[in-house]
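Q: The sequence and its predicted three-dimensional model are supplied below.
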Amino acid sequence: MATTVAHIALSSTQHVPRTGAARRFIRVFFNRPVVVFGAASILIVLVAAAFAPWIAPYDPYEQNLSQVLQDVGPDHWLGTDTLGRDTLSRIIFGSRIALLIGIGTVAAAATVGTVLGLIAAFFGGWINTVIMRFTDAMMAVPGLLVALVLSTLLGSGVNGVLIAVALALMPGYVRLIAGQVLAAKQNEYVTAARSIGANHVALMFRHILPNCVSPLIVQVTLVIGLAILIEATLSFLGLGIKPPTAAWGSMVYDGYRYLALRPILSIGPGLAIMLVVFAFNMVGDGLRDALDPRLRNIG
Amino acid sequence: MSAYIARRLVHAALVVLLVSILIFAVMRLLPGDPVLMFVTSGDMLAASAEQIAKLRHDYGLDKPLPFQYVDWITHVAQGDLGRSILFHYSVTDEILRRLPISMSLGITALLVGLIIGPIIGAVSAVKRGTWLDTLLTVAATIGITAPSFWVAIILIYVFGLKLGLLPVYGYTSPLTDFGTSLQQSLLPVLVLSVFPIAAAARQTRSSVLEVLQLDYVRTARAKGLNEQTTIFRHVLKNALMPVATLQGEIFRNVIAGSVVVETVFVIPGMSRLLVDGMLSQDYAVVQGVIMVVAVAVVLGNLCVDLIYGWLDPRIQYT
């Protein structure tokens, strides 16, 4: 409180350069080259997804049976598949599915998971027991298996995969937030807010939740990579996004049959998956270093 | 201690029971009908409505859902996971036949990770800031993020197709032909162990760096020990604790990885059974595999916690 008052007093009389949180954040975040590399990669993929029709040299769905399984060359930088479709164009369009699933599932999982975790830890008692035991049960089965069962039953396709992957990721957020809230609700300012008559909703969302935001941001970034990985694995197994939609996982599977002849058909989209997942992981790591002062000077 | 184990076992049983309710509900409430699948897949295309109804009755699928659940779970409690609707085999027998295959590959991969991962992590920490550290750290991150199916394909391409050194698919029991079995298992185990190695290496590196800042390490250095001895004799013991807690996550990851590995390398393991069961929506098969996985994960977590307490006497079981 005192510092805020002092700051306001100062800023009203003279210009004080901001040496606060934002600047430190930027300095720490861009300190490591791999994090910069990750951030740049994500930016490139975002641009590729947004402007795919203008960037891609060919229509990703246009079949050209006189140009099947072309080798890498000036016409087709990454060759063509069994239906004569341009691999590079399909990889560029595939970024749309990857980002849609990655960001969409994590947004849904983080929102629902946060609310459930908040409710569980805030109210405690039987509510906490019910939510946390179900979370334990969902986490007793690896996320890929949960997503695999659900996406098949929901009939695969983009919507099925979205729901399936989101549900598979959700329990992780419930646990993360419940742990954070348990710690945060011990703070004296929460007691103070309660004593001046703040209701449950205000306590939960205005006073406790903001304290849990840093780990949540880090987790969201890291898990986008995981979500893309799960979707790619489902599509590779033939239980995710169905052809002809350009999805990296199913492209790797399609190309696998021609591994000896045209390895690029599998290796190309696989590289794209790896790059994106790596990038989100690196940016997540960078965010953790920048947002969590306790972890500084380590590593 | 025994009270703690007893309580944990009760909790484990509760979790497994909840898993059984969830998987049963999910399989029944979502669209898809294994009986229709069976009818349309085989020689019963001309099946009459009565025949289909009889089939449903034979598998108890015409009873109300709660009754079906109670039927199923009482049998599961006695070790009977039901019968495959499509192929009529006993799910318990099939899983018992396939489980050793999945386990032998998975446990080997876990052990490889547990041995090689910490060594890489420790080397990385000792050489902090050098090109070797950068190389190992980036490699470990790639190891965590690389899709296992893609790693498998690259290995198949290099070792199978280009160099012709190793078989690229199949499974032979080590009891039948040990040499062939070893050759066929090399690539699958390698793919499965990428994540365990990488995850353990990353964790070891950061916890070694953390422990290095502790007072007792300063003491060790002050009395003139060189860096190597300090790290391997004094630091690593404490630094390996967080690696032990990581094993639960690594174990879950290996199970997930086995789904991919058993598909790519055509290994008749338990995870492959899940994919096949899912493709044909064979209720009993999917439910059976998920139950076995849940029991394995829950018991695995319990083991990790107990080992953790055994390694670190400061932890009190209350």
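A: Now that the structure is in, tell me what you want to look at. Remember, predicted model here, so these are calculated numbers, not experimental data.

Q: got the contact list for residue A:38?
A: Shown in contact with residue A:38 (C-beta atoms under 8 Å, 6 or more residues apart in numbering or on different chains): A:278-283, A:286. Placement of C-beta: from N, CA and C, glycine included.

Q: For it, which non-adjacent residue is closest in space?
A: residue A:282 (3.1 Å; C-beta to C-beta, 6 or more residues apart in numbering or on different chains).

Q: In this structure that neighbour contacts residue B:142, no?
A: No. Using C-beta atoms under 8 Å, residue A:282 is not in contact with residue B:142, being 10.4 Å away.

Q: Looking only at stretch A:54-68, what residues are buried by neighbour count?
A: A:56, A:58, A:60, A:67 (16 or more other C-beta atoms under 10 Å in any protein chain shown).

Q: circling back: take the contacts of residue A:38 and keep only those in helices.
A: A:278-283, A:286 (DSSP state H).

Q: Next one: residue B:247 relative to chain A, how far apart?
A: The spacing between residue B:247 and chain A, counted by C-beta to the nearest C-beta, to the nearest Å, is 14 Å.

Q: Return the per-residue confidence for that residue.
A: For residue B:247, the model assigns a pLDDT of 87.

Q: do the same with residue B:174
A: Residue B:174 is given a pLDDT of 80.

Q: tell me the secondary structure for it?
A: coil (DSSP: H, G, I helix; E, B strand; the rest coil).

Q: thought it was touching residue B:182?
A: Yes. Counting by C-beta under 8 Å, residue B:174 does reach residue B:182; the two are 7.3 Å apart.

Q: Hmm, residue B:230 and residue B:221 touching each other?
A: Yes. With contacts defined as C-beta under 8 Å, residue B:221 counts as touching residue B:230 at a distance of 5.9 Å.

Q: Comparing these two, which shows the higher neighbour count?
A: A count of neighbours by other C-beta atoms under 10 Å in any protein chain shown puts residue B:230 above the other of residue B:221 and residue B:230, at 20 against 15.

Q: which residue sits closest to that one, ignoring its sequence neighbours?
A: residue B:220 (4.8 Å).

Q: who in the stretch 151-300 of chain B is up against chain A?
A: Taking C-beta under 8 Å from any C-beta of the partner chain as the contact definition, the stretch 151-300 of chain B meets chain A at B:153-154, B:156-157, B:161, B:205-206, B:209-210, B:252-253, B:255-256, B:259-260, B:263, B:274-275, B:278-279, B:281, B:286, B:290, B:293-294, B:297-298.

Q: cutoff 6 Å now
A: Proximity of the stretch 151-300 of chain B to chain A is confined to B:153, B:157, B:161, B:206, B:209-210, B:252, B:255-256, B:278, B:290, B:293-294, B:297-298 under the rule C-beta under 6 Å from any C-beta of the partner chain.

Q: Reduced to three states, what does residue 63 come out as?
A: All of this refers to chain A. coil.

Q: Chain B was what I was after
A: coil.

Q: At the geometric centre of chain A, which residue do we find?
A: With distances taken as C-alpha atoms, centre = their mean, residue A:224 lies nearest the centre of chain A, 1.4 Å away.

Q: Am I right that that one is in a strand?
A: No. Per three-state DSSP, residue A:224 lies outside any strand segment and is helix.

Q: is it true that it touches residue A:281?
A: No. Using C-beta atoms under 6 Å as the test, residue A:224 is too far from residue A:281 to be in contact (9.2 Å).

Q: Just the pLDDT at residue 290, thanks.
A: As the question left the chain open, I've gone with chain A. pLDDT recorded at residue A:290 is 83.

Q: was after chain B, sorry
A: Here, the pLDDT recorded for residue B:290 equals 95.

Q: how about the residues of the stretch 1-150 of chain B that lie near chain A?
A: Residues of the stretch 1-150 of chain B lying near chain A (C-beta under 6 Å from any C-beta): B:15, B:18-19, B:22, B:30, B:32, B:145-147, B:149-150.

Q: repeat that for 7 Å
A: B:14-15, B:18-19, B:22, B:26, B:30-32, B:138, B:141-142, B:144-147, B:149-150 (C-beta under 7 Å from any C-beta of the partner chain).

Q: Check which element follows the strand or helix carrying the residue nearest to residue B:230 along the chain.
A: Here residue B:220, judged by DSSP states H and E, is contained in helix B:215-222. Note on helix B:215-222: by DSSP H and E, the next helix or strand toward the C-terminus is helix B:227-229.

Q: just checking, residue B:159 touches residue B:186?
A: No. Assessed by C-beta atoms under 7 Å, residue B:159 is found out of contact with residue B:186, at 8.2 Å.

Q: Touching both of those two, which residues are there?
A: Any residue near both residue B:159 and residue B:186 by C-beta atoms under 7 Å, 6 or more residues apart in numbering or on different chains counts here, and that gives residue B:166.

Q: pLDDT and distance to chain B for the buried residues of stretch A:54-68 - can I get that in CSV?
A: Converted to CSV, the buried residues of stretch A:54-68 look like this (pLDDT from 0 to 100; distance: C-beta to the nearest C-beta, whole Å):
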residue, pLDDT, distance to chain B
A:56, 80, 22
A:58, 80, 24
A:60, 82, 20
A:67, 77, 24
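
Q: just curious, which of the residues you listed is nearest to residue A:251?
A: residue A:60 (10.1 Å; C-beta to C-beta).

Q: re earlier: considering the contacts of residue A:38, which is situated nearest to chain B?
A: residue A:278 (4.4 Å; C-beta to the nearest C-beta).

Q: Spit out the contact partners of the closest one.
A: Counting by C-beta under 7 Å, 6+ apart, residue A:278 has contacts A:38, B:141-142, B:145.

Q: Over to residue A:269?
A: Here residue A:269 is in contact with A:91, A:94, A:248, A:251-252 (C-beta under 7 Å, 6+ apart).

Q: More neighbours: residue A:282 and residue B:142, which one.
A: Legend: neighbour count by other C-beta under 10 Å for residue A:282 and residue B:142, higher for residue A:282 (26 against 17).

Q: In this model residue A:78 seems to touch residue A:72, though I could be wrong.
A: Yes. With contacts counted by C-beta under 7 Å, residue A:72 reaches residue A:78, the gap being 6.2 Å.

Q: shared neighbours of the two, which are they?
A: What both residue A:72 and residue A:78 touch, as defined by C-beta under 7 Å, 6+ apart, is the set residue A:264.

Q: who touches stretch B:97-109?
A: Outside stretch B:97-109, the residues touching it (C-beta under 7 Å, 6+ apart) are B:171, B:185, B:188-189, B:192-193, B:196, B:254-255, B:258, B:267-271, B:273.

Q: would you put the C-alpha positions of that stretch in PDB?
A: Output of stretch B:97-109 as PDB, limited to C-alpha atoms (Å, rounded to 0.1, in the frame of the first residue of the first chain):
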ATOM      1  CA  ARG B  97      -1.300 -63.300 -22.800                       C
ATOM      2  CA  ARG B  98      -0.400 -59.800 -24.000                       C
ATOM      3  CA  LEU B  99       0.500 -58.000 -20.800                       C
ATOM      4  CA  PRO B 100       3.900 -59.700 -20.300                       C
ATOM      5  CA  ILE B 101       4.800 -58.500 -23.800                       C
ATOM      6  CA  SER B 102       3.900 -54.800 -23.100                       C
ATOM      7  CA  MET B 103       5.500 -55.000 -19.600                       C
ATOM      8  CA  SER B 104       8.800 -56.400 -20.700                       C
ATOM      9  CA  LEU B 105       9.200 -53.600 -23.200                       C
ATOM     10  CA  GLY B 106       7.900 -50.900 -20.900                       C
ATOM     11  CA  ILE B 107       9.900 -51.900 -17.800                       C
ATOM     12  CA  THR B 108      13.100 -52.200 -19.800                       C
ATOM     13  CA  ALA B 109      12.500 -48.700 -21.200                       C
END
